[in-house]
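[1] Give me a model of this one.
(chains A, B, C and D)
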Number of protein chains: 2
Amino acid sequence: MGQLPTVNDVAVAAGVSRQTVSNVLNSPGIVRPATRERVRAVIETLGYRPHASARRLRTRRSATLAVRIDPMVNGISGSVLDSFLHALTQQAERLGLRVVLYTATDPDDETRVIRRLVGGSDVDAFVLTSTVRGDPRTAWLLEAGQPFVTFGRPWGSEHDDRYRWVDVDGRWGVRLATEHLLGGGTARVGFVGWPEGSGSGDERRAGWREAMVAAGTTGDDLEALGVACADDLAAGAAAVRALLRRVPDIDGVVAASDTLAVAAHAVVAGRIPVVGFDNTSVAASFGLSSVDQRLSTVASHVLRLAGPAGTPAGTHVLVKPRLVVRAVGEGAVLRAAISPRPAETIRP
Amino acid sequence: MGQLPTVNDVAVAAGVSRQTVSNVLNSPGIVRPATRERVRAVIETLGYRPHASARRLRTRRSATLAVRIDPMVNGISGSVLDSFLHALTQQAERLGLRVVLYTATDPDDETRVIRRLVGGSDVDAFVLTSTVRGDPRTAWLLEAGQPFVTFGRPWGSEHDDRYRWVDVDGRWGVRLATEHLLGGGTARVGFVGWPEGSGSGDERRAGWREAMVAAGTTGDDLEALGVACADDLAAGAAAVRALLRRVPDIDGVVAASDTLAVAAHAVVAGRIPVVGFDNTSVAASFGLSSVDQRLSTVASHVLRLAGPAGTPAGTHVLVKPRLVVRAVGEGAVLRAAISPRPAETIRP
DNA sequence: TTGTAGGCGTTATCAT
DNA sequence: ATGATAACGCCTACAA
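    Here you go, the predicted structure:
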């Protein structure tokens, strides 16, 4: 249990040179099959693993991605980052990449941290999540020539094609959710979302609007069905109650987040269906249908774009989410809490 | 943006030798102040950062911790790992340590992944979370002589002092929660927890029992107040309804998790106070009091024990949690959802 | 206090 | 197809 074996140990044991061992690992094609197998057997026997730092020093590539981990602030949807990280790490492993975490208190601090990671050649690329309008980090990274991919499109819109990004088509997802409710023979589907200006929130609202217009609802009828509020339970509940007063015979509610969906669910007391967004485990617990972002798909695209391969700078991917339908049915408030976990259907 | 500056570049620019630059960084005490400042100025000017891999290769220390990130399974308490990771990363940065993630599908897979990380000298120590009774990972790591710290005590109990661990005193926390309710002039405080055998669950139940016995409740009265069920909303709601039937004049409920607390909250419809465990953002959203694990404190202890410093192998820390009291008051189901976010009080 | 020399484990280059 | 040599950037003796 003393020293870890090195290429040299393997070379000696196999009766070849260090270089041949290296070739077996990195360019197996150019080494004679017999030699290759012999070396491989020795590697197995000795339990040899290349020393990651030595390799990084030599190749000048760290094979490492850095992701910022945020303190969880959102009431309910906070676990999205968690799931994304899991998917990212899982797939990165297959590609021989490592995922390291960092934290930052504010953009300035983040810039400092990034500079440190970059300066130490510790990181090949950054993965930015929760990008906002006019995010200072993207500008800085572009300036610094640092490779990065964002999960979230550039909402500022001007430098659309200056970097690589992956995002989820929230508009499409909410449209899907709305159409699902409309397809159930209902007509008046309300929407509870965030105040205008948040980019992703506007997109989701647009998805609802599109579906409603396509179904023939317009003008004041449409306006009356939409409400906006902050992303927490109290605000959501208040907004939904206002909505119910305005449109007492409402048939269903689509929410911009699972937080708002749970709020709506509590208020409508299970009388009408509610669909959320993010497909968090909380939504699942309550038996609510929700739009699933397909974080695993997002992660795989992020990795592809973050890789050294020659994807053009402006490459971006818009992932189509899917709707996870849960059968709550009408019933008491928090019906999911007093009935067995409902079956799930996944669409499309 | 071509090459990153090296210690050599700094040395040349400052008119000193490489070694002096290295000393300025690692042993500033032994270099003359004038020289030191001059070198530091050059470092600043050139934006020099030590090459992390080169340093790791030379020092044979990776300054890196590995943590497994789990797929989120728990309905509601899943965000605990998230918060812990954030605290761990934040504090690791201050100590010059990196946190890398890994995933594993099962213990065998995890062993393989760990072996790979260790073999590559990529990781100095592992941080294990969600340890279970007779966890195969600890045995393997001990066997392999790999440094590690667990967040979670060794429930098997036999090799208590063979490795370092940090855990939260759940018994104490639940006792605190129970006493809080009892202090409010109430007498019949129920407990909804997990079936016997889960270690942490048994501890939490014991905390409730202790507080109740100290308050004079014993025998059948005590037995009637406790229920056990799986950790999900449906099971929790069913268990709490059974509890209500058995003890209709119950004064309050303490739950072994926030998931069960939310279930209880839904069932008791805000008529009596409910206290959860984990202080997740979901509990906060619903305005429920909850036992807070002080993950930041846990993280700092974990880092201390994981460090190279000479803490004895059996060192362990039992963190005393605190109770976060939220003022829900009686009212409608999910009152938190329809009233402003309540004020928080933190005890002790 | 500062400088010199050597090597950590790997891979790229150039011979053979 | 394989082997020798050098270099990646840093740190730690040891020498001056």
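[2] Can you classify the closest residue to DNA strand D within the stretch 101-250 of chain A by secondary structure?
    DNA strand D sits closest to A:S121 of the stretch 101-250 of chain A, with a gap of 7.4 Å, by Cβ to the nearest atom of the strand. Quick note: C-beta positions are derived from backbone N, CA and C, even for glycine. Here A:S121 takes the coil state, with states given by DSSP: H, G, I helix; E, B strand; the rest coil.
[3] Can you get me a residue count around the closest residue to it other than its chain neighbours?
    Once flanking residues are discounted, A:S121 sits nearest to B:H51: 5.2 Å by Cβ to Cβ, 6 or more residues apart in numbering or on different chains. Under the neighbour criterion other Cβ atoms under 10 Å in any protein chain shown, B:H51 is assigned a count of 22.
[4] can you pull out the strands in the stretch 51-200 of chain A?
    A:64-68, A:98-102, A:125-128, A:148-151, A:164-168, A:189-193 (DSSP state E, counting those that start in this stretch).
[5] quick one, which of those strands is packed in tightest?
    Of all the strands of the stretch 51-200 of chain A, strand A:189-193 has the most neighbours on average by mean count of other Cβ atoms under 10 Å in any protein chain shown, namely a mean of 28.
[6] For chain B, tell me whether that strand is touching it.
    No. If you take Cβ under 8 Å from any Cβ of the partner chain as the test, strand A:189-193 misses chain B, and the best it gets is 12.7 Å.
[7] rewinding a little: check contacts around the residue of the stretch 101-250 of chain A closest to DNA strand D.
    Residues in contact with A:S121, defined by Cβ atoms under 8 Å, 6 or more residues apart in numbering or on different chains, are A:R56, A:R60, A:S62, B:L4, B:H51, B:A52, B:S53.
[8] Among the strands of the stretch 51-200 of chain A, which comes closest to A:T178?
    Of all the strands of the stretch 51-200 of chain A, strand A:189-193 sits nearest to A:T178, with 5.5 Å by Cβ to Cβ.
[9] Who are the packing partners of the closest one?
    On a contact count with 3 or more Cβ pairs under 8 Å, 6 or more residues apart in numbering or on different chains; DSSP states H and E, strand A:189-193 meets helix A:170-183, helix A:200-214, strand A:226-228, helix A:233-246, strand A:252-255, helix A:258-268.
[10] That strand pairs with which strands, parallel or anti?
    Partners of strand A:189-193 in the sheet, by DSSP bridges, are strand A:226-228 (parallel), strand A:252-255 (parallel).
[11] Now tabulate these in CSV and tack on distance to A:G96 and mean neighbour count.
    Compiled in CSV, those are given as follows (distance: least, Cβ to Cβ, whole Å; neighbours: other Cβ atoms under 10 Å in any protein chain shown):
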stretch, distance to A:G96, mean neighbour count
strand A:226-228, 45, 18
strand A:252-255, 40, 30
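[12] shouldn't A:A125 be in contact with A:V149?
    Yes. Counting by Cβ atoms under 8 Å, A:V149 is a contact partner of A:A125 at 6.7 Å.
[13] where do the contact lists of the two overlap?
    Contact with both A:A125 and A:V149 is made by residues A:A306, according to Cβ under 8 Å, 6+ apart.
[14] For the stretch 101-250 of chain A, what lies in contact range of DNA strand D?
    Within the stretch 101-250 of chain A, not a single residue sits near DNA strand D (Cβ under 7 Å from any atom of the strand).
[15] Could you check which residue of the stretch 101-250 of chain A lies nearest chain B?
    A:G119 (2.8 Å; Cβ to the nearest Cβ).
[16] and the closest residue to that residue other than its chain neighbours, what does it touch?
    Spatial nearest neighbour of A:G119, excluding adjacent residues (Cβ to Cβ, 6+ apart): B:R49 at 2.8 Å. Residues near B:R49 by Cβ under 8 Å, 6+ apart: A:R115, A:R116, A:V118, A:G119, A:G120, B:L4.
[17] Which of the residues you listed scores worst on pLDDT?
    Lowest in pLDDT among those is B:L4, which has 82.
[18] which SS class is it?
    Following three-state DSSP, the label given to B:L4 is coil.
[19] Please give the number of neighbouring residues around it.
    For B:L4, the count of nearby residues is 16 (other Cβ under 10 Å).
[20] Assess the claim that it and A:D122 are in contact.
    No. Contact criterion Cβ under 8 Å: B:L4 and A:D122 do not qualify, at 11.2 Å.
[21] what about A:S200, neighbour count?
    Counted with other Cβ under 10 Å, residues neighbouring A:S200 total 22.
[22] Enumerate every residue touching it.
    Taking Cβ under 8 Å, 6+ apart, we find A:S200 in contact with A:G152, A:W155, A:G170.
[23] which of those are buried?
    Buried members of those, counted by 16 or more other Cβ atoms under 10 Å in any protein chain shown: A:G152, A:W155, A:G170.
[24] Could you dump these into CSV and include distance to A:H265 and pLDDT?
    Output for the buried ones among the contacts of A:S200, formatted as CSV (distance: Cβ to Cβ, whole Å; pLDDT from 0 to 100):
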residue, distance to A:H265, pLDDT
A:G152, 27, 91
A:W155, 29, 80
A:G170, 20, 97
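[25] Specify which member of those residues is nearest to A:Q90.
    Of all the buried ones among the contacts of A:S200, A:G152 has the smallest distance to A:Q90: 20.6 Å, by Cβ to Cβ.
[26] so what's the closest one up against?
    A:G152 is in contact with A:L128, A:T129, A:S130, A:T131, A:W165, A:D167, A:S200, counting by Cβ under 8 Å, 6+ apart.
[27] follow-up on the earlier one: give me the secondary structure label for the residue nearest to A:G119.
    Using three-state DSSP, the structure places B:R49 in coil.
[28] And it, what's its pLDDT?
    So, for B:R49, pLDDT stands at 90.
[29] now swap in the one 10 residues further on and tell me
    Here, the pLDDT recorded for B:T59 equals 88.
[30] Then A:R347?
    The model's pLDDT for A:R347 equals 51.
[31] if we can go back for a sec, anything in contact with each of B:L4 and A:D122?
    Between them, B:L4 and A:D122 share no contacting residue under Cβ under 8 Å, 6+ apart.
[32] The residue of the stretch 151-300 of chain A found nearest chain B: helix or strand, and which one exactly?
    As assessed by Cβ to the nearest Cβ, chain B sits closest to A:S285 within the stretch 151-300 of chain A, at 3.7 Å. For A:S285, the enclosing helix or strand under DSSP states H and E is helix A:281-286.
[33] ok, back up a step: can I get the contacts of A:S200 in TSV including distance to A:V99?
    Listed next are those as TSV, based on distance: Cβ to Cβ, whole Å:
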residue	distance to A:V99
A:G152	18
A:W155	25
A:G170	25
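[34] out of the contacts of A:S121, which are inside helices?
    Judged by DSSP state H, helices contain the following of the contacts of A:S121: A:R56, B:A52, B:S53.
[35] List just the nearest of the residues you listed to A:A299.
    Distance to A:A299, by Cβ to Cβ, is smallest for A:R56 among the ones in helices among the contacts of A:S121, at 23.1 Å.
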